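[1] got a structure for you, letters missing:
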């Protein structure tokens, strides 16, 4: 059986990590986050356009119902 090596960035690890933005100005951090958002949108945009499965729709409807005020139906 192969030995498992502890990796400091493994899932479930609670170590500190950084994307190297600590030395950036506020404008630099903002641009970094915008760029990250653009990259995520480019990578996952097609997935967001796909229709949700029936199970996901049911869960979203349940979530929406649970967040409505109790007296909303009486207006």
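    Perfect, thanks for sending it. Worth saying up front: this structure is predicted, and the values here are computed from it rather than measured.
[2] Just give me the residue closest to the centre of this structure.
    Nearest to the geometric centre of the chain sits residue 40, at 10.0 Å (C-alpha atoms, centre = their mean).
[3] Quick one: mean pLDDT for the helix or strand that contains that residue?
    Using DSSP states H and E, residue 40 sits in helix 26-49. Averaging pLDDT along helix 26-49 yields 91.
[4] so what secondary structure elements neighbour that helix?
    Under the contact criterion of 3 or more C-beta pairs under 8 Å, 6 or more residues apart in numbering; DSSP states H and E, helix 26-49 touches no helix or strand at all. Using the backbone N, CA and C atoms, a C-beta is placed for each residue, glycine as well.
[5] Name the residues that touch that helix?
    With C-beta atoms under 8 Å, 6 or more residues apart in numbering as the test, helix 26-49 has contacts from 19, 21, 24.
[6] thinking again about what came up before, how far away is the residue nearest to the centre of the chain from residue 31?
    With distances taken as C-beta to C-beta, to the nearest Å, residue 40 is found 15 Å from residue 31.
[7] Kindly report the same for residue 64.
    35 Å.
[8] Comparing the two, which residue is more hemmed in?
    Taking neighbours as other C-beta atoms under 10 Å, residue 64 and residue 31 compare with residue 31 leading, 12 against 9.
[9] pLDDT averaged over the helix or strand just after the helix holding residue 40, what's the number?
    Toward the C-terminal end, the helix or strand that comes next after helix 26-49 (DSSP H and E) is helix 54-67. Helix 54-67 shows a mean pLDDT of 93.
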